[in-house]
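Participant: the sequence and its predicted three-dimensional model are supplied below.
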Amino acid sequence: MPSERVTNIVVAGIGGQGVLRATDIVAEAAFLAGYDVKKTEVHGMSQRGGSVVSDVRFGSRILSPMVPEGEADFLVVLEPTQEEPNRHRLKPDGTVIGCDRIDVTSLPNPRTLNVALLGLLSRHLNIAVEAWHEAVGRCFPSHLYSVNVEAFELGRQAADMAS
Amino acid sequence: MRAGKKRLLSGNEAVAYAAREAGFHLGTGYPGTPSTEILETFSAIGGKAQWAPNEKVALEVAIGVAYGNGRALVTMKHVGLNVAADPLFSAAYTGVSGGLVLAVADDPGMASSQNEQDTRRYAIATSVPVLEPSDSQEAYDFLFRAVELSETFGTPVILRLTTRVSHSKGIVELKPAALRPRSPCFQRDIPSRVLIPAYARQAHRRLRQRLSRIAEWNENGNLNPIWEGKSDLGIIASGVAAFHAREAVPEARLLKLGMCYPFPIRTVRDFVASVRRCVVIEEGDPVIQELCLIHGLSVEEKAEEDRFGELNVSRVRRIVNGDRSPQTPVPAGRPPQLCPGCPHRTVFESLRDLECIVAGDIGCYTLGVLPPFEAMDSCTCMGASIGVGLGLRHVLPPDQARRVVSVIGDSTFVHSGLTGIVEMMYNPPPTGHVVLILDNQTTAMTGLQDHPATGKTLNGEPTHQLSLEEVCRAIGVEDVTVFESRAGQKDEFRELLRSKLAQAKPCVLIVRRECLLAAKRRKQMSQTAHQEDATCQANE
């Protein structure tokens, strides 16, 4: 089993951007990597262009599915206006992974921004790249697999360029 | 014992997987956030699932299955149980010979609901046992326990879910419990099943006796484990709140009530006696707390503030520490809105421009209350738009009454609008009335489910299509107009609505255009099918 401590991730965006899909992928990847994992979200009006926030936590044992206030290690932001309203979720030394880190024009499809940001996030997490790819495969229909893996890899490379 | 396969599942999916393994003969319900995915998943993995017009019909169908010695699952959101309450009270009296489980999902915090009612109140009111899973694994495991309980005692059982159980994912070990297979067959039992007063009086006594036997079962079952800890602080918790509590105060001793009703009084009394102070952590109404207090157990009472919204780790810390200081408000996110290009937009622009008094209803179109429309004056419950509109027409001065319009969606209309139309024709207001049916040919709000007027079943198979216009005409409405809405017809629609308002007779105006999201999904699905066909052909 990988490390004991719990990793807390919050993904924020607006309806239609793939926030829930993003946390599905993180949760699947963490599950494949052998962690205990829980993810949570609030549905309902999310398709109507409103704010969507989803939490995912993994580690040796996860209790509450919700990332406690001010304890997120990472805040992944898919839409610039959603950063400020969710900053309170982040712990003081937590990391924001913002959509400004990805050049959307370089993506195979602008709708893959969510997965590209996971590519960036993946560089901070102890989950093998194979698990990420398989998680992408489990969360999309087969004909969308390659375009999303491409976006994921672009995100991973963007992390190199920034550092 | 052999280890089961592990999967990452939401609570709703876990219920569906368990239902398949438990051999349910039928799953039925009406869509409602956060319960909808149970039946969708059950159908997708091979279970027989169907949407009913509303929750009352769904429960009645399920009762029939269980009278016929079958196993039935009924799903709904918390407010759906208001609609299905009538048959539930009676099914508790009659009992069932098969298995009957109601999966009812509460929405503390009202992410997508009109109230925060607590389903456990119905369990007590109807004398029906209630199980409260805390996560996906328990959602899976407890469904088997619910079947066992239902079939051992011949009772309906409620599985109370909440948003954070239904819509959180966790790892589930798929280890089905062994259940006796059931073969549907009819056995006549008139004194149990026919609730004429003479038989019902006996049934009521049998119900209370059954409940005390179930309470005894609950003392000896393993649904109420103690998570060990120091005796300085004891916590009694249920549902997802048990996990919040364990995380917030890991050192406390915790009694996790998986089945709070009928109340396992000895278990709880022994626990309370074993700790120095005892706090109840539960989402929704103080149900467990009240059960403790009426049995004379000394637990700390929860603050009025803790009735509202969802609990989380931080709130549990505050409760345990007795911190009653005002909570820091969380920044508001962007509110939802009607989609760009949504056909409802034209309607609400016209309602606003004509200064209508709008009796609204439940669905996406309730968003017509928000700017830039602000064209809705009431939203009460499913189907209420028609009755409320008629009441306003009856009582308001004529110059106001003539501006009253009822606005209801297609799925909501089938759910509980039909009797409103009957009322409109039976007791027509002097100024007439205008009922707008916004027919976007789907149940959009809950994620695009079919319903009787789409002509498709839950799994997309063609079936008889209820015609909204024909049913209104059959009820007696002479003026039924169908407006096939297209983009850029704002003026045309406004003038049509103006003319309907001017005539003093009851009328129904159906505004028909497929929901944009439904159209998009339909195209995507046919595209995927084409691609899969192409792949299959390429492989041949």
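Facilitator: Structure received. Numbering: from 1, shown residues only, chains lettered A, B, ... in the order given.

Participant: mind listing what the residue in the stretch 201-350 of chain B that chain A sits nearest to touches?
Facilitator: Nearest to chain A, among the residues of the stretch 201-350 of chain B, is residue B:333, at 2.8 Å (Cβ to the nearest Cβ). Backbone N, C-alpha and C define where each C-beta goes, glycine included. By Cβ atoms under 8 Å, 6 or more residues apart in numbering or on different chains, residue B:333 lies in contact with A:50-51, A:53, A:82, A:85.

Participant: give me the pLDDT for the nearest residue to residue B:287 once chain neighbours are set aside.
Facilitator: Leaving aside its sequence neighbours, residue B:287 sits nearest to residue B:120 (Cβ to Cβ, 6 or more residues apart in numbering or on different chains; 4.5 Å). Per-residue confidence (pLDDT) for residue B:120: 98.

Participant: and if you look at residue B:178?
Facilitator: So, for residue B:178, pLDDT stands at 86.

Participant: repeat that for the one 10 residues further on.
Facilitator: Residue B:188 is assigned a predicted lDDT (pLDDT) of 96.

Participant: against chain A, how distant is it?
Facilitator: Distance of residue B:188 to chain A, computed by Cβ to the nearest Cβ, to the nearest Å: 45 Å.

Participant: can you tell me the SS state at that residue?
Facilitator: coil (DSSP: H, G, I helix; E, B strand; the rest coil).

Participant: Provide the backbone phi and psi angles at it.
Facilitator: Dihedral pair for residue B:188: phi -70, psi 130, per degrees, to the nearest 10.

Participant: ok, how many other residues are close to it?
Facilitator: 6 (other Cβ atoms under 10 Å in any protein chain shown).

Participant: who's in contact with the residue lying closest to residue B:92 once chain neighbours are set aside?
Facilitator: Spatial nearest neighbour of residue B:92, excluding adjacent residues (Cβ to Cβ, 6+ apart): residue B:126 at 4.6 Å. With contact taken as Cβ under 8 Å, 6+ apart, residue B:126 is in contact with B:85, B:88-89, B:92, B:156.

Participant: hang on, isn't residue B:248 packed against residue B:318?
Facilitator: No - contact criterion Cβ atoms under 8 Å: residue B:248 and residue B:318 do not qualify, at 9.1 Å.

Participant: ok, these two, which is more surrounded?
Facilitator: Here residue B:248 and residue B:318 are compared on neighbour count by other Cβ under 10 Å; more neighbours surround residue B:248, at 25 against 17.

Participant: which ones are touching that one?
Facilitator: B:313-314, B:316-317, B:320.

Participant: go again with 7 Å.
Facilitator: Applying Cβ atoms under 7 Å, 6 or more residues apart in numbering or on different chains, one finds that residue B:248 lies in contact with B:313, B:316-317, B:320.

Participant: which ones are touching residue B:306?
Facilitator: Counting by Cβ under 7 Å, 6+ apart, the residues that residue B:306 touches are residue B:319.

Participant: pretty sure it is in a strand, no?
Facilitator: No - counting by three-state DSSP, one finds residue B:306 to be helix, located in no strand.

Participant: one step back: measure the residue nearest to residue B:287 to residue B:18 for me?
Facilitator: The gap separating residue B:120 from residue B:18 is 21 Å, by Cβ to Cβ, to the nearest Å.

Participant: the two: which is more packed in?
Facilitator: residue B:18 (28 against 24).

Participant: residues near the residue nearest to that one when sequence neighbours are not counted, how many?
Facilitator: Leaving aside its chain neighbours, residue B:18 sits nearest to residue B:143 (3.8 Å; criterion: Cβ to Cβ, 6+ apart). A count of nearby residues for residue B:143, using other Cβ under 10 Å, gives 29.

Participant: you'd agree residue B:143 is up against residue B:21?
Facilitator: No - contact criterion Cβ atoms under 7 Å: residue B:143 and residue B:21 do not qualify, at 8.8 Å.

Participant: intersection of neighbour lists for those two?
Facilitator: Counting by Cβ under 7 Å, 6+ apart, nothing touches both residue B:143 and residue B:21.

Participant: check which residues of the lowest-mean-pLDDT helix or strand in chain A are buried.
Facilitator: Lowest by mean pLDDT, DSSP states H and E among the helices and strands of chain A is helix A:145-162, with a mean of 89. Neighbour counts over helix A:145-162 (16 or more other Cβ atoms under 10 Å in any protein chain shown) mark A:147-156, A:158-159 as buried.

Participant: with stretch B:169-178 instead?
Facilitator: B:169-172, B:174-176.

Participant: and those residues near chain A, which?
Facilitator: B:169-171 (Cβ under 7 Å from any Cβ of the partner chain).

Participant: counting only strands, which of those make the cut?
Facilitator: B:169-171 (DSSP state E).

Participant: now render those residues as TSV, adding pLDDT.
Facilitator: Shown next, in TSV, are these (pLDDT from 0 to 100):
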residue	pLDDT
B:169	98
B:170	98
B:171	98
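
Participant: which single one of those is nearest to residue B:216?
Facilitator: Comparing those against residue B:216 with Cβ to Cβ places residue B:170 closest, at 31.7 Å.

Participant: now do the contacts for residue B:294.
Facilitator: With Cβ under 7 Å, 6+ apart, residue B:294 has no contacts at all.

Participant: quick one, phi psi at it?
Facilitator: Taking degrees, to the nearest 10 as the convention, residue B:294 sits at phi -70, psi -20.

Participant: cool, and residue B:488?
Facilitator: According to degrees, to the nearest 10, residue B:488 has phi 70, psi 20.

Participant: how many neighbours does it have?
Facilitator: Other residues close to residue B:488 by other Cβ under 10 Å number 7.

Participant: could you do residue B:345 as well?
Facilitator: 21.

Participant: tell me the contacts of the nearest residue to it once chain neighbours are set aside?
Facilitator: Nearest residue to residue B:345, sequence neighbours excluded (Cβ to Cβ, 6+ apart): residue B:338, at 5.5 Å. Residue B:338 is in contact with B:344-345, B:364, B:367, counting by Cβ under 7 Å, 6+ apart.

Participant: report the two of these separated the most.
Facilitator: Most distant of those, by Cβ to Cβ, are B:345 and B:364, 11.0 Å apart.

Participant: so which bits of the stretch 351-500 of chain B are right by chain A?
Facilitator: Counting by Cβ under 7 Å from any Cβ, the stretch 351-500 of chain B sits next to chain A at B:364, B:367.

Participant: give me that answer again for 10 Å
Facilitator: B:364, B:366-367, B:444-448 (Cβ under 10 Å from any Cβ of the partner chain).

Participant: in a markdown table, list those residues along with pLDDT.
Facilitator: Converted to a markdown table, those look like this (pLDDT from 0 to 100):
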| residue | pLDDT |
| --- | --- |
| B:364 | 91 |
| B:366 | 93 |
| B:367 | 92 |
| B:444 | 91 |
| B:445 | 89 |
| B:446 | 91 |
| B:447 | 89 |
| B:448 | 93 |
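
Participant: right, I'll call it a day here.
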